[in-house]
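# predicted coordinates and the sequence they were generated for:
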Amino acid sequence: MGVNIEKVFGENVFDDSVMKVRLPKNDFETVKKLMHEGGEITEDLADVVAQAMKEWALEKGATHYTHVFQPYVVSVGAEKHDSFASVPVDGKIENTFTGEELLRGEPDASSFPSGGLRETCSARGYTAWDITSPVYIKEDTLCIPTAFCSYTGESLDTKTPLLKAMHAVSKQGVRLMRLFGNEVTNRIYSYVGPEQEYFLVDREKYLKRPDLIYSGRTLFGAKPPKGQEMDDQYFGSIPPRVKAFMEDLNTKLWKLGITAKTQHCEVAPGQFEIAPIFSISNVALDNNLLVMDLLKKTARAHGMICLLHEKPFDGMNGSGKHNNWSLTTDDGINLFKPGKEPENNKLFQLVLACTMAAVDTHAVLLRLAASNTGNDHRLGANEAPPAIISMYLGDQVGDVVSQIIKNGKAESSISSGEIDFGIKKLPKLEKDPTDRNRTSPFAFTGNRFEFRMVASSNSIGDVNTVLNVMMAEQFEKAVAALEGAEDFDKAVEEYIAKLMKEHARIVFNGNGYSEEWPKEAEKRGLPNCRSIVDAIPTLLDESTVEMYGKFGVLSKEELEARKEILFEQYAGVRNIEALTMVDMANKMIIPAAVKYTKKLADTVLTVKEAGVDATVQTEMLSDVSVRLAEMKKAVKELEDITQKAADIENTQAAAIAYKDEVMPAMAALRKPADELEVIMPKEEWPMPTYGDLVFEI
């Protein structure tokens, strides 16, 4: 029997409806004002809210509270749980929770990645309550969304820069609205709807794959006879076991106020997707971390493992997190909505021109913010966009832009029309004015941009920080250019045309998978960072440092720290993968192959002794032995190359060594191993195959 969504939705969230009942009226109004307008939260007010939260949480069965925060590059978040129980007095314990405990926590700031901002001996850090993101109960614990910084004030998380970027785009966006005579808009909201792709595998099979356990992806594995080439998994019937998992997951998410809306089978076997309704960016960030956490925990409860790695299986679709992003005013104007006459909508045209300029100017920064080590395996094929940043605008908006570039303004726009199935019993459908381009990393989809490049296991904090601060930068430039113009209409028209002409190279409506596109992109001067290692240095580009510094999002020192963290992370991930391959080769694959060669050798001798031709058996023995020798040699080479890379002290040099030397050595080891899997009997192979993992759930 299905769950009544209306009844359970938000039941574990300390939301407006709960606060309205449990807080004094004046305090409730003050909290609402702080949520929307900002301001200082007094300790007296915090005490009142904390008391109400505690009582509500205890009624829900909670025993602990925690500040939930998001250390940089730690995608699943962090928690330290404290009991409500106070110090015993006369043998009795009371449950307490103060305003100070609500407002501030003190986690260890030296054990998380800090890029040199914190030393081991300098451990103190602070978490601060994010009043704009709802408090909730999960697993008998009151969870308080927070921002995280060091004792000296540097941001150590993904949320703090996002909140600053959201403030920046709101402030500059309001200034832009004033130019158009809008005196009503008081703030601009950044909204995100992050679609989440993932794989499910049987837990028992997973536990027999050390590569999945240690690295989240298969480091060995031959292509099965059937993969995704028939496209028969996409939107297919959901397997019963997975359906039960999804129902359980949805109920948990709905209780936490997360608007889980869409679920379906993806293109690859064993791959699925879940998508929420849009929410404000920092809330979407918190919610997406909860989604990832609950995907993993709920899968385990159903005897499965959820894989969030960007490329768990070679030769099949990778998993991404499509970041559907928009900007909307507090009085309901979507800045990315063309309207019925986009050729006459100067506000939309200006915002679009600013977006083109922003994406073109900060293409490598966007590439970096959307990526991690795993994304290097995913980008470029199998439903993932290429590593080249470009914008898809579609027929209608693309035509408007073309007119402006050619003539200085647009005179008309392509109408949407309708689709007639030619069957009277079926309705005629209104046709969208633009098609969808699944090969574009940054595609316009009618009233928002879908950034398809984002890595599935990444936090969405970084990418939305970049999106918002780059728009703040362009809005500020537009205001500086247009403010005080004698003829505003003419000035804005000229400015739109100027930006669109200067940044026309970023628009590409064609097939991003085609062989011609990288060549065309190179002619246009568009960067092609095939690895995250190539993109990391952009954090210290003059344009990046200036933009982040101007809007107070990140200092140069904080950017330097993030650069170090990312290089360290890349090297660390690759080192784990290389060592795992060596371990699996030495302890699983080579021993299995040796054992099989003995069986073959015994068979050859037996057949020959029987006076029968043993050519086939001898060839089989030779095939296995040749690949066994190749594996043994490749293992030794990988060990040596990995050790050399690990000995490099400079983080950037180490990351480059892992990319350019260790990765090819890993591929050299995988080749003969995968060939052995193909020629050895299934019962002799020491681990579950791709077919076992992706089809048997």
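Done, it's in.

# look up how far residue 26 lies from residue 19.
12 Å (CB to CB, to the nearest Å). Just so you know, the C-beta spots here come from the backbone N, C-alpha and C atoms, and that holds for glycine as well.

# check residue 690 too.
62 Å.

# looking at those two now, which is surrounded by more residues?
Between residue 690 and residue 26, counted using other CB atoms under 10 Å, residue 690 has the larger neighbour count: 25 against 10.

# for the lengthiest helix in the chain, which positions count as buried?
As assigned by DSSP state H, the longest helix anywhere in the chain is helix 615-646. Within helix 615-646, the residues scored as buried using 16 or more other CB atoms under 10 Å are 617-618, 620-621, 623-624, 627-628, 630-632, 634-635, 638-639, 641-642, 645-646.

# touching, residue 578 and residue 640? I think so.
No: shown here, residue 578 and residue 640 do not form a contact pair, counting by CB atoms under 8 Å, at 10.8 Å.

# the bottom helix or strand of this structure by mean pLDDT?
One helix or strand of the chain scores below all others by mean pLDDT, DSSP states H and E: strand 429-430, with a mean of 72.

# where exactly do the strands run in the stretch 251-400 of the chain?
Remark: strands assigned in the stretch 251-400 of the chain by DSSP state E, counting those that start in this stretch are 260-265, 271-276, 279-280, 304-307, 323-329, 391-392.

# need the winner for burial among the ones you listed.
Among the strands of the stretch 251-400 of the chain, strand 391-392 has the highest mean neighbour count (mean count of other CB atoms under 10 Å), at a mean of 26.

# helices or strands up against the longest strand seen in the chain?
Counting residues, the longest strand found in the chain (DSSP state E) is strand 141-150. Counting contacts by 3 or more CB pairs under 8 Å, 6 or more residues apart in numbering; DSSP states H and E, strand 141-150 packs against helix 43-59, strand 64-68, strand 125-129, strand 135-138, helix 159-179.

# what's the mean pLDDT across it?
Taken as a whole, strand 141-150 has a mean pLDDT of 93.

# again with stretch 346-366
On average, stretch 346-366 scores 98.

# show me which residues of that stretch are buried.
Neighbour count says stretch 346-366 has 347-366 buried, by 16+ other CB under 10 Å.

# can you tell me which of these are in helices?
Short answer: the buried residues of stretch 346-366 in helices (DSSP H) are 347-361, 363-366.

# show me the shaky parts of the stretch 1-150 of the chain.
Within the stretch 1-150 of the chain, the stretches with pLDDT under 70 are 1, 75, 108-111, 113-123.

# run a quick neighbour tally on residue 303.
Counted with other CB under 10 Å, residue 303 comes out at 12.

# and the pLDDT for the nearest residue to it once chain neighbours are set aside?
Of all residues not flanking residue 303 in the chain, residue 203 sits nearest, at 5.2 Å (CB to CB, 6 or more residues apart in numbering). As predicted, residue 203 sits at a pLDDT of 97.

# same question, residue 506
Reported pLDDT for residue 506: 97.

# who's in contact with it?
Contacts for residue 506 were tallied using CB atoms under 8 Å, 6 or more residues apart in numbering; they are 356, 359, 360, 363, 389, 390, 391, 526.

# residue at max distance from the center of the chain?
What lies farthest from the middle of the chain is residue 611; by CA atoms, centre = their mean that is 63.6 Å.

# for that residue, give me phi and psi.
Note on residue 611: its backbone torsions stand at phi 80, psi 20 [degrees, to the nearest 10].

# that one: what's it in contact with?
Contacts of residue 611 by CB under 8 Å, 6+ apart: none found.

# quick one: it from residue 574, how far?
Distance from residue 611 to residue 574, by CB to CB: 54 Å.

# right, and residue 132 touches residue 280 too?
Yes: the criterion here is CB under 8 Å, and residue 132 meets it with residue 280 at 7.4 Å.

# restricting to C-alpha, output stretch 466-473 in PDB.
The C-alpha coordinates for stretch 466-473 follow below in PDB (Å, rounded to 0.1, in the frame of the first residue of the first chain):
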ATOM      1  CA  VAL A 466      30.700  29.700  -9.500                       C
ATOM      2  CA  LEU A 467      27.400  30.100 -11.400                       C
ATOM      3  CA  ASN A 468      26.200  32.700  -8.900                       C
ATOM      4  CA  VAL A 469      29.300  34.700  -8.500                       C
ATOM      5  CA  MET A 470      30.100  34.800 -12.200                       C
ATOM      6  CA  MET A 471      26.600  36.200 -12.800                       C
ATOM      7  CA  ALA A 472      27.100  38.800 -10.000                       C
ATOM      8  CA  GLU A 473      30.300  39.900 -11.800                       C
END
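
# buried residues, it. List them.
Buried-residue list, stretch 466-473, by 16+ other CB under 10 Å: 466, 467, 468, 469, 470, 471, 472, 473.

# contacting residues for the fifth one?
By that I understand residue 470. 358, 359, 361, 362, 365, 366, 547.

# equivalent analysis for residue 106, please.
124, 125, 126, 127.

# count of neighbours near the second one?
By the measure other CB under 10 Å, the count of residues near residue 125 is 25.

# specify the beta-bridge partners of it.
residue 150 (DSSP bridges).

# got TSV for the strands of the stretch 251-400 of the chain, with mean pLDDT too?
Formatted as TSV, these follow (pLDDT from 0 to 100):
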stretch	mean pLDDT
strand 260-265	86
strand 271-276	93
strand 279-280	94
strand 304-307	98
strand 323-329	97
strand 391-392	96
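
# what about these, which gets the closest to residue 428?
strand 260-265 (25.0 Å; CB to CB).

# pairing partners for the closest one, with directions?
strand 271-276 (antiparallel).

# how much does the partner strand deviate in direction from strand 323-329?
10 degrees (axes from the mean of the first three to the mean of the last three CA atoms, to 10 degrees).

# alpha carbons only: can I get strand 271-276 in CSV?
The C-alpha coordinates for strand 271-276 follow below in CSV (Å, rounded to 0.1, in the frame of the first residue of the first chain):
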residue,chain,number,x,y,z
GLN,A,271,21.7,2.5,-13.3
PHE,A,272,18.9,4.7,-12.0
GLU,A,273,18.0,8.4,-11.4
ILE,A,274,16.1,10.4,-8.9
ALA,A,275,15.2,14.1,-9.3
PRO,A,276,13.7,16.6,-6.9
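
# so what's the gap between it and the chain middle?
On the basis of CA atoms, centre = their mean, to the nearest Å, strand 271-276 sits 13 Å off its chain's mean C-alpha point.

# rewinding a little: name the nearest of the contacts of residue 470 relative to residue 287.
residue 366 (22.2 Å).

# low-confidence stretches in the stretch 451-600 of the chain?
Ranges of the stretch 451-600 of the chain meeting pLDDT under 70: none found.

# how about the helices in it?
Along the stretch 451-600 of the chain, counting by DSSP state H, counting those that start in this stretch, helices occupy 461-482, 488-502, 516-524, 532-535, 542-550, 556-584, 590-609.

# rebuild those helices as JSON lines, extending it with distance to residue 696.
Below are the helices of the stretch 451-600 of the chain laid out as JSON lines (distance: least, CB to CB, whole Å):
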{"stretch": "helix 461-482", "distance to residue 696": "35"}
{"stretch": "helix 488-502", "distance to residue 696": "52"}
{"stretch": "helix 516-524", "distance to residue 696": "37"}
{"stretch": "helix 532-535", "distance to residue 696": "33"}
{"stretch": "helix 542-550", "distance to residue 696": "46"}
{"stretch": "helix 556-584", "distance to residue 696": "21"}
{"stretch": "helix 590-609", "distance to residue 696": "21"}
